[in-house]
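Peer 1: What follows is a protein structure lacking sequence information:
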């Protein structure tokens, strides 16, 4: 009698887990994809901001409907490595 009772409890648990998983699986998958898409969007946004900071030559200042762009000299200063480039020719012996 105990064996039949254990088998029935096992079958009941199997069907309950199957039913609950069918209800929760779409919710859990949707939550997972939302979280991953947010992380992906954040990474793309951070990469774009880093790229824009490297390539941006002009600052913008917006006042009313007029947009003024001016060169940002503070961030980009040209480095002087000293000396000049000298062109040379090879001499044959």
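Peer 2: Nice, I can see it. Because the structure is predicted, anything quoted here is derived from the model rather than measured. Numbers count the residues shown, from 1 in each chain.

Peer 1: tally of neighbours for residue 40?
Peer 2: 10 (other C-beta atoms under 10 Å). Every C-beta, even on glycine, is put in place using the N, C-alpha and C of the backbone.

Peer 1: Would you check how far apart it and residue 14 are?
Peer 2: Separation of residue 40 from residue 14 (C-beta to C-beta, to the nearest Å): 37 Å.

Peer 1: Could you do residue 45 as well?
Peer 2: With the distance defined as C-beta to C-beta, residue 45 ends up 45 Å from residue 14.

Peer 1: next one: residue 42
Peer 2: In terms of C-beta to C-beta, residue 42 sits 41 Å off from residue 14.

Peer 1: what's the answer for residue 26, then?
Peer 2: Distance, residue 26 to residue 14, using C-beta to C-beta: 20 Å.

Peer 1: and residue 83, which of the three is it?
Peer 2: Three-state call for residue 83 (DSSP: H, G, I helix; E, B strand; the rest coil): coil.

Peer 1: pLDDT at it, what is it?
Peer 2: In this model, residue 83 is scored at 70, pLDDT.

Peer 1: likewise residue 36?
Peer 2: At residue 36, pLDDT is 95.

Peer 1: In contact with it, which residues are there?
Peer 2: Listed by C-beta atoms under 8 Å, 6 or more residues apart in numbering, residue 36 has no contact partners.
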